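>>> Let's see this in three dimensions:
(2 chains)
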Amino acid sequence: MLLPFFQWMQELGFSAFFLNSVWPTPIIQCIHLLAVAVFAGAVLVVDLRLLGRGLTWASLPELARAAQPWLVWSFVVLVLTGIPQMSSTALKQYYSPFFWWKMEALFVGVVVTFVIRRIIASKEEGHFGPVWPKVVGITSIALWTSVTIGARLIGLLS
Amino acid sequence: MVTLLELMRPAFEWVDALPSSIALRESLNGYVYLLTAHVVSMGLVAGIISYWDLRLAGVALRWVPVSRVKSGLFPWLYAGVTINAATGFVMLYAQPMRYFPNFWFWFKMGMLIILACNAAYFHFNIEKTVDQWERDPVAPLKARVAGYVSLAFWAGVIVTGRMTAYSGLVPQWWSDLGLG
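Alright, predicted model coming up:
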């Protein structure tokens, strides 16, 4: 169903530019990886706090509020630098099972992190009981680890 | 510098010929697992260290005492560094002669040495007085500089680590050394 869309992406002049030029792809990949580091930090400090670990001195809502701008802006950079990488190799991505693994984990990860976790982390510790924050924290870590593994395997095994 | 690298060449060639190195190199999925674990642990290390550095630089977590940031985050940092260093070392062990002539590999190693020196200077010098300023939202200039230096060089490590895959995209003077 999505194949025509991926074929269209692959044939864009924008995709050809990235595919046929030398420096733009590595530069975009490096910026993408830097954004991964910032995003990972913003995710982890809050997830660890949900698990009762890490920066326990700070209150959960305070910490989540402080991490939110880093989370949002690094995610924006990840999407912006991910688009050219995806479009320039659109058909390779389409036929890679790891691309779809990554996209599924990414979709659930976005919902968990930007919706469910945001609600949980906006209230003081104990508001949602002892279990749910931990479930959300561990789910978030598992999902974003899965996204990273899927992304790496697209390049290595597709 | 060429002399120093050439002095190291026999060691790289020796490891390259070891049966365990050859076995790892010829393993079907060994490199895939190693590189994937290296990238995932890089996220842990860089993500955690960036919050420590941003606190030192006075950019983030300004209301959290420096010692609390350290005690809360460093156990995770050590775990990440252990996995990251171990996977990196095994990748080097598996393909030493792939990395030996690689400009980006040596660039990355140089930055890791600078980062180690920066961390040691912070630990043995600046951190001695941490009790006096750990609750200040903005740390003293020396601590802020250490934070910015760490941020910049960790970013450099990430960039050069990614660029290691592009062994052909190097300055002409490096190609002229004829290491490969």
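>>> ok, A:L48 touching B:W76?
Yes - at 6.8 Å, A:L48 and B:W76 qualify as touching, with contact defined as Cβ atoms under 8 Å. All C-beta atoms are positioned from the backbone trio N, CA, C, and that covers glycine.
>>> Between these two, which contacts overlap?
Common neighbours of A:L48 and B:W76, using Cβ atoms under 8 Å, 6 or more residues apart in numbering or on different chains, are A:G54.
>>> Would you quantify the distance from the residue positioned nearest the centre of chain B to B:I83?
By Cα atoms, centre = their mean, the mean C-alpha position of chain B lies nearest to B:L112, the distance being 4.5 Å. With distances taken as Cβ to Cβ, to the nearest Å, B:L112 is found 16 Å from B:I83.
>>> can you give me the offset of the longest helix along chain A from its chain's centre?
Criterion DSSP state H: the longest helix present in chain A is helix A:60-88. On the basis of Cα atoms, centre = their mean, to the nearest Å, helix A:60-88 sits 7 Å off its chain's mean C-alpha point.
>>> Residue numbers of chain A in contact with chain B?
Contact residues (Cβ under 8 Å from any Cβ of the partner chain) of chain A with chain B: A:22-23, A:26, A:29-30, A:33-34, A:36-45, A:48, A:53-58, A:62, A:66, A:70, A:145, A:148-149, A:152-153, A:156-157.
>>> who does the longest helix of chain A touch, helix- and strand-wise?
On a contact count with 3 or more Cβ pairs under 8 Å, 6 or more residues apart in numbering or on different chains; DSSP states H and E, helix A:60-88 meets helix A:3-10, helix A:13-20, helix A:24-50, helix A:117-122.
>>> residues from chain B in reach of chain A?
B:31-32, B:35-36, B:39-40, B:42-44, B:46-48, B:50-51, B:60-61, B:63-65, B:68-69, B:72-73, B:76, B:154-155, B:158-159, B:161-163, B:166, B:169.
>>> List buried residues within these.
Among the residues of chain B next to chain A, those classed as buried by 16 or more other Cβ atoms under 10 Å in any protein chain shown are B:31, B:35-36, B:39-40, B:42-44, B:46-48, B:50-51, B:60-61, B:64-65, B:68-69, B:72-73, B:76, B:154-155, B:158-159, B:161-163, B:166.
>>> Quick one: mark the members of these that sit in helices.
Using DSSP H, those in helices are B:31, B:35-36, B:39-40, B:42-44, B:46-48, B:50-51, B:68-69, B:72-73, B:76, B:154-155, B:158-159, B:161-163.
>>> How about the helix or strand hosting B:D16, which residues are buried there?
Per DSSP states H and E, B:D16 falls inside helix B:2-17. Buried residues in helix B:2-17, defined by neighbour count with 16+ other Cβ under 10 Å: B:F12, B:V15, B:D16.
>>> Let me have the residues you listed in TSV, extended by pLDDT.
Converted to TSV, the buried residues of helix B:2-17 look like this (pLDDT from 0 to 100):
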residue	pLDDT
B:F12	97
B:V15	98
B:D16	97
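>>> The closest residue to B:F103 other than its chain neighbours and chain A: what is the separation?
With Cβ to Cβ, 6 or more residues apart in numbering or on different chains as the criterion, B:F103 has its nearest non-adjacent residue at 4.0 Å, and that residue is B:V170. For B:V170, the distance to chain A (Cβ to the nearest Cβ, to the nearest Å) stands at 12 Å.
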